[in-house]
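Undergrad: Any chance you could fold what I've pasted below:
(one chain, ligands or ions: 2)
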Amino acid sequence: MRKKLYRLDRAGLSSLFDVLKQEGYLVYGPTLCDHAIQWLPLSSLDDLPAGWTTSTAPATYRLLRDSAGSLFHYWTGPDSLKKVLHPARACITHAERDNGSFRIWNETPQPVKRAFFGTRACDLAAVTALDRVLLQDRFEDDIYKANRAAAFFVAVHCTSSAPTCFCASTGTGPQARSCFDIALHERSPQEYLAEPGSASGSAALEKLAAPLAPPEWAKELAESCTHAAAAQQRRIDLNTAPVVISLNFDHPRWDHVAKRCLSCGNCTSVCPTCFCVNFEDHTSLDLQQAERLRLWDSCFSQNFTYIHGGSIRLSPKSRYRHWLSHKLARWQEQFGTSGCVGCGRCIAWCPAGIDITEEIAALQTTTHAAAMTGVSNHGN
Ligand code: SF4
Ligand code: SF4
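TA: Ligands and ions are numbered 1, 2, ... in the order given. The predicted structure is shown next:
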């Protein structure tokens, strides 16, 4: 049976927001904050950045006015759903002195019903990637599990692409195809196509008593997304990347990028799939209380690989090489999926303008023929 597709006007969209609130969801969405679009709780759809768009390029992110007044005519900002589902700072254990003794207890993560209004296809792919790492590997992350269990996703398809986007080549966009409860297509600021992606999404849309959308709207959406994909200038060949990386451990391009890389870790902070954490113990000044915190870490920090006697990756070259290799090759070996969803955040938010697509292309361009010869020789 064909899925029902609904036609929502602006009032219908607000009703969807109200239904989610009535069902107990804390609704998050893109909002204007600190000169960027960030994910924050919404009090109403009026908090969405209507009439704003963004401009991105290597080391560049700008907010611009958009005369069309669209609610969703902007692309990924500095944060992602990772900020909420896999928070940068979480207390996992408390300790306090207690009448000459002390007691220790663990924080038990509590599920919070959160709806994310306006997620993009690449960010849904990033959630699927985090699921693989934090829920479906050897250990379950109980904080992520609690946050993820109660999450509801209202996706918005991308019908145009930013210059830094390359989700078409990673197969993760621009059209949202999975992991959503409802997907929206903003045809205009007053008219939306709404598609359910789960039973709870269907139930929420049924409550709106909205009219069905004309069948041709789905075809128009597919054509717009195809056009957005074709317009993307950047790309990564994920099929050849693991071989190219494996055969180029000593390529001079790593020295080239190391001269520019500041080891600031911005790329790992903004990346929606980077998941590494560290632990710190903090003690109060009166020595009565202590807590163990889990904090985001970055493979760009020297201490990230500290083991007894010192760090393993001492140079920026080794750290950048590790990061790119993990994203585009080692993830595939570890988790059976790419660690990059083509969102382009690391390109826009790298202060040195280092571009992951350019770096892998440099390796591919100079060594592709030799790499393929090497692969076929191995087979002889
Ligand atoms: S590596 Fe860069 S482009 Fe890929 S998912 Fe992370 S931030 Fe996005
Ligand atoms: S690649 Fe860019 S964002 Fe990442 S650590 Fe180096 S300078 Fe910072």
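Undergrad: from here on, contacts and neighbour counts on C-alpha atoms
TA: Noted.
Undergrad: Can you give me the distance of L212 to ligand 2?
TA: L212 is 46 Å from ligand 2, where distance means C-alpha to the nearest ligand atom, to the nearest Å.
Undergrad: which residues does that residue bridge with?
TA: Y6 (DSSP bridges).
Undergrad: Could you number the chain from 27 rather than 1 from now on?
TA: OK, 27 is where the count begins now, so the last one is L238.
Undergrad: you'd agree it is up against K30?
TA: Yes - at 7.0 Å, L238 and K30 qualify as touching, with contact defined as C-alpha atoms under 8 Å.
Undergrad: burial count for W357?
TA: 18 (other C-alpha atoms under 10 Å).
Undergrad: in which helix or strand would I find it?
TA: For W357, the host element (DSSP states H and E) is helix 357-361.
Undergrad: from the middle of its chain, how far away would that helix be?
TA: The chain centre lies 18 Å from the centre of helix 357-361; the measure is C-alpha atoms, centre = their mean, to the nearest Å.
Undergrad: Show me what the helix or strand following it is packed up against.
TA: As assigned by DSSP H and E, the chain's next helix or strand after helix 357-361 is helix 371-374. Applying 3 or more C-alpha pairs under 8 Å, 6 or more residues apart in numbering; DSSP states H and E, one finds that helix 371-374 makes contact with strand 78-83, helix 292-296.
Undergrad: what separates helix 371-374 from the chain centre, distance-wise?
TA: The answer for helix 371-374 is 12 Å, by C-alpha atoms, centre = their mean.
Undergrad: Other residues contacting it?
TA: Residues outside helix 371-374 that contact it (C-alpha atoms under 8 Å, 6 or more residues apart in numbering): 82-87, 102-104, 190, 292-294, 296-297, 379-382.
Undergrad: Quick one: buried ones out of those residues?
TA: Buried members of these, scored by 16 or more other C-alpha atoms under 10 Å, are 82-85, 87, 102-104, 190, 292-294, 296-297, 379-382.
Undergrad: now, which of those residues lie close to ligand 2?
TA: Checking the buried ones among the contacts of helix 371-374 against ligand 2 by C-alpha under 6 Å from any ligand atom, the ones in range are 292-293, 380.
Undergrad: between the residues you listed, which is nearest ligand 1?
TA: C293 (6.1 Å; C-alpha to the nearest ligand atom).
Undergrad: Look up the closest residue to the closest one, ignoring the ones flanking it.
TA: Closest residue to C293 apart from its sequence neighbours, by C-alpha to C-alpha, 6 or more residues apart in numbering: C372 at 4.5 Å.
Undergrad: Next, count neighbours for that neighbour.
TA: 25.
Undergrad: helix/strand/coil for L219?
TA: With DSSP: H, G, I helix; E, B strand; the rest coil as the basis, the three-state label of L219 is strand.
Undergrad: so how far is ligand 1 from it?
TA: 27 Å.
Undergrad: next one: Q259
TA: Distance from Q259 to ligand 1, by C-alpha to the nearest ligand atom: 13 Å.
Undergrad: how near is that residue to F192?
TA: According to C-alpha to C-alpha, to the nearest Å, Q259 stands 7 Å off from F192.
Undergrad: who has more neighbours, these two?
TA: Between Q259 and F192, counted using other C-alpha under 10 Å, the more crowded position is F192 (27 against 12).
Undergrad: how about the residue lying closest to that one once chain neighbours are set aside, phi and psi?
TA: Leaving aside its chain neighbours, F192 sits nearest to G368 (4.7 Å; criterion: C-alpha to C-alpha, 6+ apart). Main-chain dihedrals, G368, degrees, to the nearest 10: phi 70, psi 30.
Undergrad: how about the strands in the stretch 127-276 of the chain?
TA: Per DSSP state E, counting those that start in this stretch, the stretch 127-276 of the chain carries strands over the ranges 127-132, 140-145, 177-182, 208-214, 217-222.
Undergrad: Which elements pack onto the third one?
TA: Meaning strand 177-182. strand 140-145, strand 208-214.
Undergrad: and what of the first one?
TA: Taking 3+ C-alpha pairs under 8 Å, 6+ apart as the contact definition, the neighbouring helices and strands of strand 127-132 are strand 115-124.
Undergrad: Any idea how far the strand it packs on is from the middle of the chain?
TA: The answer for strand 115-124 is 29 Å, by C-alpha atoms, centre = their mean.
Undergrad: and this structure, which residues reach ligand 2?
TA: So the chain meets ligand 2 at 287-293, 326, 376-378, 380 (C-alpha under 6 Å from any ligand atom).
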